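Novice: structure for the following, please:
(chains A, B, C and D)
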Protein chains: 2
Amino acid sequence: MARKPLSFDPIDAAARQWTARGWEDATAGMVAVTSVMRLQQLMLSQVDTALKPFGLTFARYELLMLLSFSRTGSLPLRVIGDRLQVHATSVTNLVDKLEEQGLISRRQHPQDRRATLAELTDAGNDVAQQATKALNTDVFADLGLGERDLTQLAAIGRRFRRVAGDFS
Amino acid sequence: MARKPLSFDPIDAAARQWTARGWEDATAGMVAVTSVMRLQQLMLSQVDTALKPFGLTFARYELLMLLSFSRTGSLPLRVIGDRLQVHATSVTNLVDKLEEQGLISRRQHPQDRRATLAELTDAGNDVAQQATKALNTDVFADLGLGERDLTQLAAIGRRFRRVAGDFS
DNA sequence: TCGATTTGATCGGACGTCCTACTATATGAC
DNA sequence: GTCATATAGTAGGACGTCCGATCAAATCGA
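Specialist: Purely as a prediction, here's the structure:
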């Protein structure tokens, strides 16, 4: 798990290069983007590790939870893609895998014959609940950041997502 | 490019579900992780779009810039992996592609016969400089976040990366 | 009503990431 | 000096993401 830490902050090193070359008006943006890239990598790694015993990845877990939050335990693939903010082909891919695992099943949409519903199976529901428990205690409940950092991170993220057109 | 925005914030919706089910001690962490995932997706998309005219992705661009910042324009693959915080196989993969594009070349390490150096070519250096210009003006200089948000994001990211063991 | 357009889902391909396994070389211990 | 261990890089495979193209079904417009 643990690779040996560097003796310096690589992003800070990049920032110094940026400034030294006269790109100071872009330095803050470069640092922000690079930081988010690394944060995602680290967080995803922690999450996937916690999910591994259940045969899940974060992407599959999110799909499962989305279904478990829905009224009927089923949603059209199109809606899943919208909510999860991923491409339609990614949804097809995830649904294929989860269906192989027996955690969801595909059904015909009653009205629209083009559409397909993904429906949670009993096994899928069980796994989702257990995985949530593990994820909450092993990762989400203690990320290593203070309450204040978490709040600010959420707020900044929300602003960026709104500006980027995720929601209005 | 623009998918139609949702009428609500999907992460906020998830947060309400979390709290409603009594997982409030994990809600803030879940929101932080999910936000970072989405931020990364959005930022990477913007960056890759800006880089596309140069035949580059962000991963390849970072490798190029790392070399351009080095004294000799060349680094052992191992060092590249450490700095970029990616797996050795990812480095091999990136170096393969960049070498095919003629932007870098592989060389023998003078001392260690196991090791390989990646060296920037003249073409690689040119592309890196042009790509940086585009990236700085098109993306980094105006992310859509305020100065304050950028600073806080960098600070929070730095704390998390340190706790996660990236550097000391 | 009937043709044109849009929409839902899938296939094939590219990309970057990780992991395990493997080879070759270097280093350390005795 | 020799053997055991650690390190550098690569091969093969899995995963999730995206894009472009495709096909069928729904919807819109004249």
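Novice: going by C-alpha atoms from here, please, whenever you check contacts or count neighbours.
Specialist: Noted.
Novice: now do the longest helix seen in chain A: distance to the chain's middle.
Specialist: For chain A, the helix that runs over the most residues, judged by DSSP state H, is helix A:24-51. Taking the mean of its C-alpha atoms, helix A:24-51 sits 13 Å from the chain's own mean (Cα atoms, centre = their mean, to the nearest Å).
Novice: quick one: buried residues of the very next helix or strand once past that helix?
Specialist: Next in sequence after helix A:24-51, counting helices and strands by DSSP states H and E, comes helix A:58-69. Within helix A:58-69, the residues scored as buried using 16 or more other Cα atoms under 10 Å in any protein chain shown are A:F58, A:R60, A:Y61, A:E62, A:L63, A:L64, A:M65, A:L66, A:L67, A:S68.
Novice: closest one of those residues to DNA strand D?
Specialist: A:R60 (5.1 Å; Cα to the nearest atom of the strand).
Novice: residue contacts, that closest one?
Specialist: Counting by Cα atoms under 8 Å, 6 or more residues apart in numbering or on different chains, A:R60 makes contact with A:L94, A:L98.
Novice: ok, which of the buried residues of helix A:58-69 also contact DNA strand D?
Specialist: Among those, proximity to DNA strand D is found for A:F58, A:R60 (Cα under 7 Å from any atom of the strand).
Novice: quick check: angle from the longest helix of chain A to helix B:24-51?
Specialist: With axes from the mean of the first three to the mean of the last three Cα atoms, to 10 degrees as the basis, helix A:24-51 and helix B:24-51 are set at 130 degrees to each other.
Novice: helix A:24-51 close to DNA strand D?
Specialist: No - contact of helix A:24-51 with DNA strand D is not found when judged by Cα under 7 Å from any atom of the strand; the minimum separation is 9.3 Å.
Novice: follow-up on the earlier one: rebuild the buried residues of helix A:58-69 as TSV, extending it with distance to DNA strand C and pLDDT.
Specialist: Rendered in TSV, the data for the buried residues of helix A:58-69 read as follows (distance: Cα to the nearest atom of the strand, whole Å; pLDDT from 0 to 100):
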residue	distance to DNA strand C	pLDDT
A:F58	13	98
A:R60	14	98
A:Y61	17	98
A:E62	17	98
A:L63	14	98
A:L64	16	98
A:M65	18	98
A:L66	15	98
A:L67	14	98
A:S68	17	98
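Novice: which strands and helices sit next to the longest helix of chain A?
Specialist: helix A:10-20, helix A:58-69, helix A:122-135, helix B:24-51, helix B:147-163 (3 or more Cα pairs under 8 Å, 6 or more residues apart in numbering or on different chains; DSSP states H and E).
Novice: of the ones you listed, which approaches B:P110 most closely?
Specialist: B:P110 lies closest, by Cα to Cα, to one member of those: helix A:10-20, at 25.9 Å.
Novice: ok, that closest one near DNA strand C or not?
Specialist: No - contact between helix A:10-20 and DNA strand C is absent, the nearest approach being 14.7 Å (criterion: Cα under 7 Å from any atom of the strand).
Novice: buried set for that helix?
Specialist: A:P10, A:I11, A:A14, A:A15, A:W18.
Novice: how many residues are close by the closest residue to the fourth one other than its chain neighbours?
Specialist: The one in question is A:A15. With sequence-adjacent residues excluded and distances taken as Cα to Cα, 6 or more residues apart in numbering or on different chains, A:A15 is closest to A:T27, at 5.9 Å. Look at A:T27: counted by other Cα atoms under 10 Å in any protein chain shown, it has 20 neighbours.
Novice: what do you get for A:K97?
Specialist: By the measure other Cα under 10 Å, the count of residues near A:K97 is 15.
Novice: A:T72 now?
Specialist: Using other Cα under 10 Å, A:T72 has 10 neighbouring residues.
Novice: now swap in the one 3 residues further on and tell me
Specialist: The criterion is other Cα under 10 Å. On that basis, A:L75 has 22 neighbouring residues.
Novice: circling back: how about the buried residues of helix A:10-20, which pair is most distant?
Specialist: Pairwise distances among the buried residues of helix A:10-20 were taken by Cα to Cα; the largest, 12.5 Å, belongs to A:P10 and A:W18.
Novice: pLDDT (mean, whole number) over whichever helix or strand A:V91 is part of?
Specialist: Per DSSP H and E, A:V91 falls inside helix A:88-100. Average pLDDT, helix A:88-100: 98.
Novice: would you mind measuring from the nearest residue to A:T121 once chain neighbours are set aside to DNA strand D?
Specialist: Spatial nearest neighbour of A:T121, excluding adjacent residues (Cα to Cα, 6+ apart): A:I104 at 5.0 Å. Shown here: A:I104 relative to DNA strand D, a distance of 14 Å by Cα to the nearest atom of the strand, to the nearest Å.
Novice: for A:I104, which residues make a bridge with it?
Specialist: A:L120 (DSSP bridges).
Novice: that one is in contact with A:V127, isn't it?
Specialist: No - A:I104 lies out of contact with A:V127 (Cα atoms under 8 Å); the separation is 10.9 Å.
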